[in-house]
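>>> return atomic coordinates for the entry below.
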Amino acid sequence: MKILLFSIVVASTFLGVVCAQQLSRNDPDLSKAAHLLGELCGYSLDNSILEKVKSSSVSFENNVFRAEFLLELKPVDRYLKASLYFGCFLPGKDSMGSKIGVPLTARGEIANEDSGGRYARNVVWERKYTGLNWIGTMAYVDSIFGDGSSRKIPAYFMTCPKVADLPCFSLEFERNDLVGREVDRIQDLIHGIYIVDHSKK
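Below is the predicted model:
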């Protein structure tokens, strides 16, 4: 029975990869962005994500590769636009010069990024996250605090895998009026992100 279930999982993953490849080939920019994302950052997007992509772009700056995918999502009753961002050091270009022993949680990554800055993001919650072939944490931010006051910002989600040396990624909405039901659905909507390489050389 275990062998049968494993075979079904493998077959489903394979079919998802094939469909994703066929979809991305229809858009050269998306195909390029998806390919570089897998090669350089170790992430891949399945068909459930790619079919929601409206545009994509990539850039290289200071030994860092960045990819952005503009998505149109429907958490509940309305369509919302959000940008899915990935960023990672090019192979052998990590400025820290050492491997990360223990991956940060999403809340920890946000705190680390905001440390010493003028403003700090307010983490509403942090939850366990399960991807297609990995686990990690997701944090939701709805405002920033600084200069003695708090200001509402567009909905922001940081997701970090529990895998050493694999970068976190974020989902940033254009609107700041997401309701509770919409926020709770985000984890399901971006479930189709999987890891293709657990190690960084």
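
>>> for Arg185, grab the count of nearby residues.
Around Arg185 sit 15 other residues, with neighbours defined as other C-beta atoms under 10 Å. Just so you know, the C-beta spots here come from the backbone N, C-alpha and C atoms, and that holds for glycine as well.

>>> and the pLDDT at the closest residue to it other than its chain neighbours?
Leaving aside its chain neighbours, Arg185 sits nearest to Pro75 (4.0 Å; criterion: C-beta to C-beta, 6 or more residues apart in numbering). Per-residue confidence (pLDDT) for Pro75: 96.

>>> right, and Pro75 touches Glu182 too?
Yes. Pro75 lies in contact with Glu182 (C-beta atoms under 8 Å); the separation is 3.9 Å.

>>> doesn't the residue nearest to Arg185 belong to a strand?
No. Using DSSP: H, G, I helix; E, B strand; the rest coil, the assignment for Pro75 is coil, not a strand.

>>> give me every residue that touches it.
Neighbouring residues of Pro75 by C-beta atoms under 8 Å, 6 or more residues apart in numbering: Leu178, Arg181, Glu182, Val183, Arg185, Ile186, Leu189.

>>> in helices, which of these appear?
Among the contacts of Pro75, the members found in helices (DSSP state H) are Arg181, Glu182, Val183, Arg185, Ile186, Leu189.

>>> residues near the residue lying closest to Ser48 once chain neighbours are set aside, how many?
Spatial nearest neighbour of Ser48, excluding adjacent residues (C-beta to C-beta, 6+ apart): Gly192 at 3.8 Å. Look at Gly192: counted by other C-beta under 10 Å, it has 19 neighbours.

>>> next, give phi and psi for Gly192.
Backbone torsions of Gly192, given as degrees, to the nearest 10, read phi -80, psi 40.

>>> touching, it and Ser44? I think so.
No. Using C-beta under 8 Å, Gly192 is not in contact with Ser44; the gap is 9.2 Å.

>>> what bridges to Ser143?
Asn122, Lys152 (DSSP bridges).

>>> how near is it to Thr159?
19 Å (C-beta to C-beta, to the nearest Å).

>>> okay, those two: which has more neighbours?
Thr159 (22 against 15).
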